[in-house]
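Colleague: below are the sequence and a predicted model for it; my questions follow.
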Amino acid sequence: MNAVGRIHAVLRRELGAALDAPSAWVAAAAFALALQTLFFFAGYPIGDLRFPGLWEGRVASLAVLFAWLPPLYAVLAPAFTMGAWAEERRAGTEELLLTWPLATWQVVVGKFLASWLLLMVATIVAAVPAALVVASLGPLDWGTAVSGAIGAALLGAGCVAVGLVVSAAAREQLVAFLVSALLLAGAWSVALFLRVVPGSIAEWFYLVSPQAHFLDSAARGVFDTADAVYHLSLVALALLVNWRMVEARRRG
Amino acid sequence: MAEPNASQRSSPAPLQGAPPTRRQAALTALLASLVFLATARFAERHLSARVDLSEDGLSGWSDASAAIVGRLDDLLSVELFFTGAPKHAAAQLHRRRLLDAFDEFQSLAGDDVRVVLSDPNASFEDRQRAHGFRIFGVPMAEQSGTSRVQQNVYFGAVLRYRGLEEVVPFLSPVTLEYDVASAVHRLIEGERPRVGWFVGTVPVPEDERGDGPAFATDTDFAALRRHLEARYRVEDVFGLESGVRVSSALDALVLLAPRELAPRAAFEIEEYVRGGGSLVVLADRSRAEVEARRLDGYATGLEDLFAAWGAPVSDEVVWDRTSAHRAQTTSGLGGAAGTIEYPLWVDLREATSAGPGARFDGTSPVTARLRQLILSWAHPIEPAAPVAGVTRRWLAQSSENAWSVESLGLLEVDPVSIEATTRQLIAGDARPERLALAVALEGRFPAADANALGPDSLGPDALDPTSREPVPGTGRARRSEAAVPARVAIVGDADWARDRSVVAEEGMSLIGRQAASLLENLVDWGVSSDELVALRARVPSDRRLVDFERRALEAEGVVEAEGIRGATQRAERARSRARTERLTWTGVSIGGSLVLVAAIVAVAFARRRAVTVVEDAPERRAGGEA
């Protein structure tokens, strides 16, 4: 079996385990319910980017839906990743997993892909029906929708990668969930403090915020290679740290 | 990350319960964070390439800008007077966005553009030069934590091309493209377009008149003239009734509230247009004396011309029930302030705004980007039969709930009278309809009559308002036989362009800026600067959703009987139906999501069941054999 086959085996194991547990699909359903309620009725009344809900604004746009993804991912991604390492360790299956004829990086990548796929499936489940309803009631800008979807996929990958690092470092699932949720929510909320920090710091705040790399670009229909580099480097470095931690434990 | 060898596979390393290398991991995480920040910063500075995937394509520089910049055949130098290190966060982000945009501008223009940065905050010399170009710092102050950040920030630019200079005193990301591209356009053109300016007369009150004339030139359009002078050479047009020709060198002629023009003046205007000149007319036919609450009607003197061109301006005024402007009033008793919805002031809104009402045309670049304008006592342009060879496009229209009414004389501004008039109109024979408020005409314009000679000129030689020298007119001129293609725009109101409508305490009001944009767009369209009009017209497409409420109200017949704001039981029933429809669609969306989740769960259960069956199969087979 080659490396891809081994990663695929880990991916299937993780996905199977996630789908067998009710928590994944309950989380997906809750996410869809929350996202759509906010999209149709509440709008996005936070920070500089303020949008009315779909029925109030009466414009065929998914801007509100995209605006809510970073804060909701800050909850959903940790929910999908919290058990990836912490639960293995608690249940004592981590030892078993690492005795398999697999390189550590293959396990790390397999777990990452499984959590990311789960997040994407949850996003598709929540967003596609909403997009179809909007498109049937008005002329939706599909170019912006596709760009936003690509941006959401990259954003989700970053969130999952961070969540996995925290899960690898934490002893318990709950701790992993809380810490990664706090980290991701903190990164999202950075954009809210831009107006109260000095100019020299503001640029750095903006640089790390998902607003700069998702809401101000992909969610508006503009694909920027710098955003892709931002998200992909976050994923690569987070996976590297994750591998380093697991590898250290394996050799420990 | 090499793959494990065979010995590793057979004898895995022992694991310990707690992470043994927490310190190392923390160090790795810290290093990775730093590498991540450095990578993100580097990518932002050097690896940024943007592609606009949206259908509207509003991000970045448009094709119209590319076309203007493509006409450069020499080096364009852009000196940016930007504060180097803004203390204020908003200014810092403002600066970053502008610099990103100029990076893209340079990519667009290639070697034809050179951008240099000067920092007026850091260098006294640069500050002096900036002030010399009338680029001044904008004071920005905001509480930041416990300290107060205060700084004058500079965001101006000077563009130089072939010895000419254009200054943009303050750049904003929102208007950047238009500001820069129009400055480049002016530099390439070299000379500013020439625009003729003719303002009608107003009656002089008897107590102020004395032995003087009964009419004087209306001086109430000074603010918009100043606005146009920043971009055009604006010249007074005079002596039309004395037979002084309108110079064919003018790129456009603007007539503001012309009043009872002599036939000879109308003839000169007709000749100018038939000779290929562009004309913009703010054709008011009434003047309101607000204090006396009186509306006096008059003729423009151009009625025959407008009729011949297929766009006669009515002497009646528009009564728009749906788009009535909410106006402040003061009572005669005690001067108490109040608010009324005044149907004689039409609240024109942008083409893409939600709900019913008076709208600008979203398909014409002249009006596509305008947001709001109040037309007071506007005169509808009658939909006469189209004229052969002239295309006609309505630039603004009232709501569908409007009537053309005779409202000259005493103005009624109390809600009871207004409501009574509305009820009379509803009960009357005339059906409410959409009325045209502005029109754009293009083509070869016919003559007002078939006479070979124009009317006689009046009076003595006219005085040139600049040189004060007498200018002789032609006694009786011959009418041109063939017309050259030209453009004419007519708006059925001039009050929106008056100083009292556009001037605020500090510069122009918000509505005033819209008025300035409309006039500027009309003139740009007139002088055929279609690239500039297209730039200003860059707006998102109309993406309004189905209006459930309006559809329900129309189905119930409420719109026809009571207007869109009807509040009867029937109207409430219609609104309730619209709410139900919205909830149904929300349910469809959420239900769709839940069905998808259920499908995934079903697949997961089916998979688990299949796995279980496969695993059990050998035992079952064995049991069977036994």
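Modeller: Cool, the structure landed.

Colleague: how far away is B:Val115 from chain A?
Modeller: 20 Å (Cβ to the nearest Cβ, to the nearest Å). Where C-beta positions appear, they are placed from N, C-alpha and C, glycine not excepted.

Colleague: helix, strand or coil for the closest residue to that residue other than its chain neighbours?
Modeller: Of all residues not flanking B:Val115 in the chain, B:Val78 sits nearest, at 4.7 Å (Cβ to Cβ, 6 or more residues apart in numbering or on different chains). Assigned with DSSP: H, G, I helix; E, B strand; the rest coil, B:Val78 falls in the strand class.

Colleague: thought B:Val78 was touching B:Val116?
Modeller: Yes. The pair B:Val78 / B:Val116 is scored as a contact, 7.3 Å apart, by Cβ atoms under 8 Å.

Colleague: looking at those two, which is more packed in?
Modeller: More neighbours surround B:Val78 than the other of B:Val78 and B:Val116, with 23 against 9 (other Cβ atoms under 10 Å in any protein chain shown).

Colleague: so how far is chain A from that one?
Modeller: From B:Val78 to chain A the distance is 23 Å (Cβ to the nearest Cβ).

Colleague: that older thread, need the pLDDT of the residue nearest to B:Val115.
Modeller: Model confidence at B:Val78, given as pLDDT, is 94.

Colleague: ok, it to B:Arg162 distance?
Modeller: B:Val78 sits 14 Å away from B:Arg162, going by Cβ to Cβ, to the nearest Å.

Colleague: then B:Ala385?
Modeller: For B:Ala385, the distance to B:Arg162 - Cβ to Cβ - is 50 Å.

Colleague: neighbour-wise, which of these two wins?
Modeller: The neighbour count for B:Ala385 versus B:Arg162, taken as other Cβ under 10 Å, is higher for B:Arg162 (12 against 6).

Colleague: setting aside sequence neighbours, what's the nearest residue to that one?
Modeller: B:Arg162 sits nearest to B:Asp74 (Cβ to Cβ, 6+ apart), 5.6 Å away.

Colleague: and that neighbour, which of the three is it?
Modeller: Applying three-state DSSP: B:Asp74 is coil.

Colleague: tell me if B:Glu442 really is in a strand.
Modeller: Yes. Under three-state DSSP, B:Glu442 falls within a strand.

Colleague: so what sits opposite it in the bridge?
Modeller: Under DSSP bridges, the beta-bridge partners of B:Glu442 are B:Thr391, B:Arg487.

Colleague: isn't it right up against B:Gly526?
Modeller: No. Using Cβ under 8 Å, B:Glu442 is not in contact with B:Gly526; the gap is 10.3 Å.

Colleague: settle it for me: which of the two has more neighbours?
Modeller: Taking neighbours as other Cβ under 10 Å, B:Glu442 and B:Gly526 compare with B:Gly526 leading, 26 against 17.

Colleague: and the gap between the more buried one and B:Leu279?
Modeller: 7 Å.

Colleague: need the residues touching each of those two.
Modeller: B:252, B:487, B:489 (Cβ atoms under 8 Å, 6 or more residues apart in numbering or on different chains).

Colleague: chain A: which of those is nearest?
Modeller: B:Ala489 (29.4 Å; Cβ to the nearest Cβ).

Colleague: what helix or strand is the closest one on?
Modeller: Assessed by DSSP states H and E, B:Ala489 sits inside strand B:486-491.

Colleague: show residues contacting that strand.
Modeller: Counting by Cβ under 8 Å, 6+ apart, B:273-283, B:306, B:309, B:311, B:313, B:366, B:375, B:381, B:395-396, B:437-445, B:518, B:522, B:525-526, B:528 sit against strand B:486-491.
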